[in-house]
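Trainee: Please work out how this folds:
(one chain, ligands or ions: 1)
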Amino acid sequence: MSVRACGLIIFRRLLPDVSAQKAANNIEFLLLQTSYGIHHWTPPKGHVDYGEDDLTTALRETEEEAGLQASQFTVIKEFQKELSYPVKDKPKTVIYWLAEMKDATAEIKLSHEHQAFSWLKLPEACKLSGYPQMQEVLKEAYEFICTKL
Ligand SMILES: Nc1nc2c(ncn2[C@@H]2O[C@H](COP(=O)(O)OP(=O)(O)OP(=O)(O)OP(=O)(O)OC[C@H]3O[C@@H](n4cnc5c(=O)[nH]c(N)nc54)[C@H](O)[C@@H]3O)[C@@H](O)[C@H]2O)c(=O)[nH]1
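Mentor: Below you'll find the model as predicted:
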C-alpha cells in the first residue's frame, strides 16, 4: 500500500499589486530543511493520520512544522497537485495545495523535524528542492499565481 502525505506550497508576495512582469522578484516560496536524512528541502507536509482527511493533514502539518495557523494564509484549493515517488522501495503519494500568506512578515517556527527554513524566489526554490517533479510543481504554482490570482 502507498504511503500518503499532504502539505502546502506556501508563498508570499513581498509587495501587494506588483505587475506580472515584476512578479519574479516579488513571489517567494517557503521551503524547510529536514534535520534528518540527507537534509533535503521540502514544503511543509506529512503523513496522513488514520481517518484524517487530506486537507486537514496539510493544515496540521503546516502548523506543526512551520508554526503557521490556517488563519494566517489563504488556501487556494483550485491548485492541487499530486506527486508520486518511491521511498525505501515503497510508493509514496504527496498531495499539495497552494497557499498564500496574508502577512509576508509572519514568523516561522520550526519543529525538531527541520533545522532551517528559507523564503525563496522560483529559481532558488527549484534548485534547493532538487527533485524534478517538485521543481515542476513549483513552476506550475508560479505560473498559476501570475495568471490566475
Ligand atoms: N532519522 C530519520 N528520521 C526520518 C528519516 N526519514 C523520515 N524520518 C522521520 O519521519 C518523520 C517525518 O514524518 P512526516 O513529517 O509525517 O512525513 P514527511 O514530511 O512526509 O517526511 P519525509 O521527510 O520522510 O518525506 P519526504 O520529503 O517525502 O522524504 C522522504 C525521502 O524521499 C525523498 N524525496 C523527497 N521528495 C522527493 C521527490 O519529489 N522525488 C523523489 N524521487 N524523492 C523525494 C527525500 O530525499 C527522502 O529521502 C520525521 O520526524 C522523522 O522522524 C530519516 O531518513 N532519518
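Trainee: OK, contacts around residue 118?
Mentor: Neighbouring residues of residue 118 by C-beta atoms under 8 Å, 6 or more residues apart in numbering: 30-31, 33, 41, 124, 128. (Each C-beta comes from the backbone N, C-alpha and C, glycine too.)
Trainee: Are the longest strand out of those in the chain and the ligand in contact anywhere?
Mentor: Longest strand of the chain, by residue count under DSSP state E: strand 73-87. Yes: remark: strand 73-87 sits within contact range of the ligand at 83, 85, 87, by C-beta under 6 Å from any ligand atom.
Trainee: Where does the residue nearest to residue 114 when sequence neighbours are not counted fall, secondary structure wise?
Mentor: Excluding its sequence neighbours, the residue lying closest to residue 114 (C-beta to C-beta, 6 or more residues apart in numbering) is residue 32, at 4.2 Å. In this assignment (DSSP states H and E), residue 32 forms part of strand 27-34.
Trainee: Show me what that strand is packed up against.
Mentor: strand 3-13, strand 41-42, helix 54-66, strand 114-120, helix 122-129, helix 132-148 (3 or more C-beta pairs under 8 Å, 6 or more residues apart in numbering; DSSP states H and E).
Trainee: any idea which of the ones you listed is most buried?
Mentor: Among the helices and strands packed on strand 27-34, ranked by average contacts under mean count of other C-beta atoms under 10 Å, first place goes to strand 3-13 (a mean of 22).
Trainee: Direction included, what does it pair up with?
Mentor: strand 27-34 (antiparallel), strand 45-47 (antiparallel), strand 90-101 (parallel) (DSSP bridges).
Trainee: Appreciated, that's everything.
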